[in-house]
Every structure is written in C-alpha cells, then in structure tokens.
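Enquirer: Just to be clear, the model below is a prediction. Sequence and coordinates:
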Amino acid sequence: MFRSKAFSLLKLVPLVSGQSNLAYKFIHQVIASHGHRCHRSVIYKQRYRTHPCSAGRRTINAETKVMAEKELPGVLILDIGGTHGVLENLAALLKKHFHLITMKEFLGNKEEMSKKIQSVFVFECRPVIDRELLESLPNLKVIGNSGVGVDHLDLKMISSFGVKVTNTPHAVADPTADIGMALMLASARRLVEGCQIVVSPDTKYFAVDWLGVEVTRATLGIIGMGSIGYKVAQRARAFNMRILYHNRNRRRKEEEEAVGAHYCAKMEDLLQQSDFVMLVVNLTPETRKLIGKKELGLMKPTATLINISRGAVIDQDALVEALQNKVIRAAALDVTDPEPLPRDHPLLNLNNVIITPHIGTATVQAIRMMAEEAIANMLAVLNGQPIPSEVFPK
Ligand SMILES: O=C(O)[C@H](O)CO
C-alpha cells in the first residue's frame, strides 16, 4: 500500500520518456515527493531513454551525476537482536530506501556513522533510546517505531532534540485483535490445560473435569476502544456477544451501531457486567495500574481478564491474589510486567492463567506491514511531507 505510489510513478517513466521537457518536469515532481532512492532510479531510467541530442538529456545527465553521488539516508536499526531480529526479515524492504546501519556498525565507527544517520528504526517495543544516543546522532530527524505503543520512548526528551516520533497504528490493529480473540477463546475453553493433559502420562481424563465457559452470547467489556478495540468488537459481534466498552471518548453513534457496542461512561459498570474484560488501552501515566484490587473485586467471580495492551496496565500483585483466591475465574495475558516474567513469578504457577510472549503483532504479514508503515512515516519526515502517523508528547 505504502510502496504503491512510488512504484506507479516509476512505471509511468517510460510513458514520458522521449519528450524531454515533459519528462524533465515529471522527474522533478517525483524528486519533490519521494526519497533519494527514487530520485536515482527515475533519473537512471531517463538517462538511457532520452534522445542523445536533446538539451533535456544534457541537463538530466548533469543532475544524474549530482544525484548519483547522493547517498541514501542512513537508518540505524534498533531491534532486540537474536535469531528473529529485524535484519533477517526486513532488511530488503528497508534497503530500498535507506542505508542500513546496525548498532554494531554504529558503535564500531561512531564518528562516520553518526553523520549518516537521519532516522532510527525501532523494532519491538523494548529497545531504549536514551539521551546519550540522541546526543551522538546530530543529523537524526525521525524515530520510526514499528508498533503502535510508544511507552518505551521518552517522547518529551526525544522532542527536545527536534526529533519526530512515528508509529504504525494501521498495521497492528487486525493481528492484535486476533490475539485478543484467541486468548479469550483459549481461556474460556481451557485450551492450554487441554493440550497439556493430552500429552501427560495420565490417560484417564474426562472432559467433564475440564469444563470451560462459552464465549458465544457472553458479555464482553472492552476497555480502550481505539482501532484495535474496535476490531475486537467487530470480531466479537460474530460470536453474538453483548459488547460494552469504556473509552475516554465515546465513539460515533453509527460506529457503535455497526458493532452493537454500548458505551459505559463509568468503567465500574463495565467491570460489574462483563463475563470477559479485555484491556486494549495505551500505557500512559493515567492507565498504569488501571486494574488493581478494587477493580478486580468489582468483576464477576466467573469473569476472565484478558490483556493485549501493556503489562503495567494491571497491578500484577493484585492480579495474582485475585486469581489465587478465585476473585475472578481466569486471566489471559499477552503482555506482562516485566517481559519475560522471572521464572519463579507466581503468575507462572497458576493453572487459571494463560500467558503468551507479547505476540499480538507477531505474524509474517504484520511485521512486513509495520515496516512498510514505518518506512512511509520516516520518508515523509525526511522529505518534508505530511506524516501519516506522528506521535506527539503530551
Ligand atoms: O505496540 C504494539 O503495536 C505491539 O505491542 C508491538 O510492539
């Protein structure tokens, strides 16, 4: 989607070649609206297609020389490394527009590399960008976060360096909503316990010992009705669920009606009525420990808490207590605080908890789309164009 504009412009080049004035103007428009890599590709094509005697060719050739010498903007890659690092998966995509610089390369030749780096690509929500790093990148213009949550970035501090931050709300919405549904269903039907018993030496098990609860026609309370929350509601509608939601801002009437969602101005009302409570808020100072002892106490003893936002939105000690004392039925968490949890954490020893390792956006399609969205954002900043998804400090 984000590549298509540049690609279609490139495809048009043969159509204008041979008409040097028009072609020349066209190329300048492309140059005005696309990244450096695009400049070079277009100009190289034009160079070999224009009539050798035309003035246009001479002008373009002169420019070609200048442009060819211009380097792609440097992007410093910050990922969490390991075998699943960004380099293996996304390098080819990024390389179309940027000169990729890994942290190792940067640290190995700080003086030269720091001049080249105009953008930082953050993959996964864990890498830290601190003052020291920002001070060492004088030409940095943008941090392209791959993912929607930016709670790991100090937005005020970054902005004080004149650096913009962007995120990828579009790419993450569907896969994260999917994982919310998957956790709700898995917890309701005790899928993980079921899988464990099948592979255990105890062959004399009975399904009646593992009764779950039904999602169909149950009440789902969504806390945080942004684009992910809304996608959850769309899915829940297919299960004939009664949908309640709580959000800072009420959705438009048509949007509520489209998914059959009812607004709860007070979060307490939602907590008291829901069979499943799903957390989909951003982590901010206001939402830190949003769900604590009091809120868990308001939930039905048969209710399940699902978290696909950030671990710190829940007071985890209070959750452990509530699960141990059966204040609520179960919890299904894609996020914890910290990640991963220490091996001896009490949450890992409870059989009414499912925990997945923050995999809301861990799909082949999502990481590609996140990279494409981040690239479009970063190029927009570098080219002085309107930025699709900029995040501002509060
Ligand atoms: O913030 C997000 O989009 C996901 O948690 C991926 O990091």
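Expert: Sure thing, it's come through.

Enquirer: wait, does stretch 350-366 make contact with the ligand?
Expert: Yes. Using C-beta under 6 Å from any ligand atom, stretch 350-366 reaches the ligand at 360-361. All C-beta atoms are positioned from the backbone trio N, CA, C, and that covers glycine.

Enquirer: Oh, that last question was meant for stretch 155-165, not what I typed.
Expert: No. Using C-beta under 6 Å from any ligand atom, stretch 155-165 stays clear of the ligand, with a minimum separation of 12.9 Å.

Enquirer: quick one: contacts of that stretch?
Expert: Here stretch 155-165 makes contact (C-beta atoms under 8 Å, 6 or more residues apart in numbering) with 129, 131, 134-135, 140-143, 145, 150, 153, 381, 387, 390-394.

Enquirer: For it, measure first residue to last.
Expert: Distance between the two ends of stretch 155-165: 7 Å, counting by C-alpha to C-alpha, to the nearest Å.

Enquirer: By mean pLDDT, point me to the weakest helix or strand of this protein.
Expert: Every helix and strand in the chain was compared by mean pLDDT, DSSP states H and E; the lowest is helix 36-49, with a mean of 30.

Enquirer: returning to that earlier point: give me the buried entries from the contacts of stretch 155-165.
Expert: 129, 134, 140-143, 145, 150, 153, 381, 387, 391 (16 or more other C-beta atoms under 10 Å).

Enquirer: In helices only, show me the residues you listed.
Expert: Among the buried ones among the contacts of stretch 155-165, DSSP state H puts 134, 381 in helices.

Enquirer: got the buried ones among the contacts of stretch 155-165 as a markdown table, with pLDDT and distance to the ligand columns?
Expert: Shown next, in a markdown table, are the buried ones among the contacts of stretch 155-165 (pLDDT from 0 to 100; distance: C-beta to the nearest ligand atom, whole Å):
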| residue | pLDDT | distance to the ligand |
| --- | --- | --- |
| Ile129 | 93 | 15 |
| Leu134 | 97 | 21 |
| Leu140 | 98 | 21 |
| Lys141 | 98 | 22 |
| Val142 | 98 | 18 |
| Ile143 | 98 | 14 |
| Asn145 | 95 | 8 |
| Val150 | 96 | 8 |
| Leu153 | 95 | 11 |
| Val381 | 98 | 19 |
| Ile387 | 98 | 18 |
| Val391 | 98 | 11 |
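
Enquirer: any weak-confidence spans in the protein?
Expert: By pLDDT under 70, the low-scoring segments of the chain are 1-70, 80-87.

Enquirer: how about 90 then?
Expert: 1-71, 77-92, 102-104, 123-128, 196-198, 200-210, 394 (pLDDT under 90).

Enquirer: Strands of that one, residue ranges please.
Expert: For the chain, the strands defined by DSSP state E cover 74-78, 99-102, 117-123, 142-146, 164-166, 219-223, 242-246, 261-263, 276-279, 304-307, 330-333, 353-355, 390-391.

Enquirer: for the spatially closest residue to Asn167 that is not a sequence neighbour, what are its contacts?
Expert: Nearest residue to Asn167, sequence neighbours excluded (C-beta to C-beta, 6 or more residues apart in numbering): Asn145, at 4.7 Å. Residues near Asn145 by C-beta under 8 Å, 6+ apart: 122, 125, 153, 165-168, 374, 391.

Enquirer: From His99, how far out is Asn145?
Expert: For Asn145, the distance to His99 (C-beta to C-beta, to the nearest Å) stands at 20 Å.

Enquirer: and the residue nearest to Asn167, what are its bridge partners?
Expert: Val122 (DSSP bridges).

Enquirer: ok, back up a step: widest-spaced pair of the buried ones among the contacts of stretch 155-165?
Expert: The span of the buried ones among the contacts of stretch 155-165, defined through C-beta to C-beta, is set by Leu134 and Ile387 at 19.1 Å.

Enquirer: what about Asn351, neighbour count?
Expert: 11 (other C-beta atoms under 10 Å).

Enquirer: Who's the closest spatial neighbour of it, skipping the chain neighbours?
Expert: That would be Glu193: by C-beta to C-beta, 6+ apart, it lies 6.4 Å from Asn351.

Enquirer: Just give the number of residues close to the one you found.
Expert: 17.

Enquirer: what's the answer for His345, then?
Expert: Using other C-beta under 10 Å: His345 sits among 15 other residues.

Enquirer: How much space separates it from the ligand?
Expert: 20 Å (C-beta to the nearest ligand atom, to the nearest Å).

Enquirer: Then Leu290?
Expert: 17 Å.

Enquirer: same thing with Glu255?
Expert: In terms of C-beta to the nearest ligand atom, Glu255 sits 22 Å off from the ligand.

Enquirer: List the contacts of that residue.
Expert: Counted by C-beta under 8 Å, 6+ apart, Glu255 has contacts 230, 261.

Enquirer: Stretch 286-293: which residues count as buried?
Expert: 287, 290-291.
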